[in-house]
Structure formats: structure tokens, C-alpha cells
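Student: 3D model of this:
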Amino acid sequence: MARLLTTPRELFGARLRQVLWVELRLSSEVLPRLVEQAHATDLKNAFGRHLLETEGHVSVLRDVLGDLEMPGGPEESPAFKGLAKEHERLVEQVPDESPLLNDLVHAQAAAATEHLELAAYDSLASLAEALGEEAVAIRLREVMEQEEFALEQLVGAQAKLLAEKVESDHLPN
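Tutor: Just a heads-up that it's a prediction; the model follows:
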């Protein structure tokens with residue numbers, strides 16, 4: 001059974017550990033696999049850049065937990081697990097010989113994850129401010145800015161994929 005949370009600070013720590021779990025999964029499993037599986041260069045590069053940033057996010061979260069003298073062990077995120085399961089299900093439905101559609105599935109899943117992370121970091125930064133942890137809030141908002149940039153890169157890569165598909169469909173055979 002999960003531990004009872006009795007204070008806003010305990011909630012803050014629990015949410016930090018969940019985001020840490022997400023960032024660890026992304027850096028050790030998900031993003032390396034997406035870099036390998038992506039076909040489009042822009043998408044592959046976006047995943048690679050974000051992998052490097054994500055490794056930094058892990059360090060920030062570990063530092064914040066340590067600075068606040070909170071337990072630092074990651075806690076599973078059911079929301080992220082749901083997004084991963086949805087991604088796996090969609091990948092199974094796309095034929096291997098459709099690199100464009102595979103890339104779009106990967107980009108969509110990554111964008112959904114970025115939205116999850118953005119919501120988590122925004123909420124955490126607001127809670128840090130409410131708890132009087134201004135320096136922590138600033139660090140979390142800096143990570144949030146990197147997540148916003150990663151989302152922009154994904155959206156751009158996805159738009160380019162779709163534009164190339166539309167263009168190739170209109171070219172004479």
C-alpha cells in the first residue's frame with residue numbers, strides 16, 4: 001500500500017519522485033529506443049537532443065530532492081505508464097514498411113509525454129513557490145522551458161513529415 005501523504009511538502013516530494021521516475025525511464029529506455037527507431041533525420045535529432053537534456057533533468061531532480069532532504073527514490077508514474085502502453089499499441093498497428101506512419105506515431109507519443117512533463121513541472125514549480133522554495137521553483141521552471149523547446153522541436157519535425165508526405169503524394173510518378 002502506498003504511503004499516506006499528510007502535508008503539501010510530502011505531496012511535493014512524491015510528485016518530484018514520480019517525475020524523476022519518468023525522466024529516468026525516458027533517458028534509459030524510451031529516448032534511446034526512439035533515436036534508433038526514428039527514420040526522419042529531424043525527428044531522430046530531436047529525440048537525440050532531448051535525450052541529452054533529459055539526463056540533465058534527472059540530475060536536477062536528484063539535486064532538488066537532496067537539497068530539500070527528501071527521500072530520493074523514484075516512484076512509478078501511472079500516467080506515464082499509460083502513455084507508454086498507448087504508444088506500444090499504436091506501434092503494433094502500423095506496418096513496418098510505413099516509416100512515415102511509424103515516425104508520426106513516435107512523434108505523437110513523445111508530444112503527449114512532453115505535455116505530461118510540462119504539466120508536472122508547472123505544478124511542481126507552483127507548489128515549490130507556495131512552500132517558499134523559490135530557488136527550487138526557478139530550477140523547475142528552467143527544466144520546464146527545456147521541455148517546451150523539446151515539444152516545439154517535435155511539433156516541427158511532425159509538421160515537416162506531414163508536409164513531405166503531402167508533397168510526395170502530389171508529385172507525378
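Student: if I look at the closest residue to residue 74 other than its chain neighbours, how far off is residue 156?
Tutor: Excluding the flanking residues, the one nearest residue 74 by C-beta to C-beta, 6 or more residues apart in numbering is residue 21, at 3.7 Å. (Each C-beta comes from the backbone N, C-alpha and C, glycine too.) To residue 156, residue 21 is 28 Å away according to C-beta to C-beta, to the nearest Å.
Student: ok, residue 12 next?
Tutor: Taking C-beta to C-beta, one finds residue 12 at 33 Å from residue 156.
Student: neighbour count for these two, which is higher?
Tutor: More crowded of residue 12 and residue 156, by other C-beta atoms under 10 Å: residue 12, with 22 against 14.
Student: from residue 21, how far off is residue 71?
Tutor: For residue 71, the distance to residue 21 equals 13 Å [C-beta to C-beta].
Student: same check, this time on residue 142
Tutor: As judged by C-beta to C-beta, residue 142 and residue 21 stand 20 Å apart.
Student: more crowded one of these two?
Tutor: Taking other C-beta under 10 Å, residue 142 and residue 21 do not tie; residue 21 has more neighbours (18 against 15).
Student: helices or strands up against the host helix or strand of the residue nearest to residue 74?
Tutor: Residue 21 is part of helix 8-25 when elements are defined by DSSP states H and E. Contacting helix 8-25 under the criterion 3 or more C-beta pairs under 8 Å, 6 or more residues apart in numbering; DSSP states H and E are the following elements: helix 41-67, helix 78-92, helix 99-130.
Student: hmm, who's touching that helix?
Tutor: Helix 8-25 is contacted by residues 5, 54, 57-58, 61-62, 64-65, 68, 70-77, 80, 84, 113, 116-117, 120-121, 123-124, 127-128, 130-131 when judged by C-beta atoms under 8 Å, 6 or more residues apart in numbering.
Student: rerun that using 7 Å as the cut-off
Tutor: 5, 54, 57-58, 61-62, 64-65, 70-71, 73-77, 80, 117, 120, 124, 127-128, 131 (C-beta atoms under 7 Å, 6 or more residues apart in numbering).
Student: any idea of the angle the lowest-mean-pLDDT helix or strand in the chain forms with helix 41-67?
Tutor: For the chain, counting by mean pLDDT, DSSP states H and E, helix 134-170 ranks last in confidence among helices and strands (a mean of 89). Angle of helix 134-170 versus helix 41-67, following axes from the mean of the first three to the mean of the last three C-alpha atoms, to 10 degrees, is 170 degrees.
Student: mind listing what's buried in helix 134-170?
Tutor: By neighbour count with 16 or more other C-beta atoms under 10 Å, helix 134-170 contains the buried residues 136-137, 139-141, 143-144, 146-147, 150-151, 153-154, 157-158, 161.
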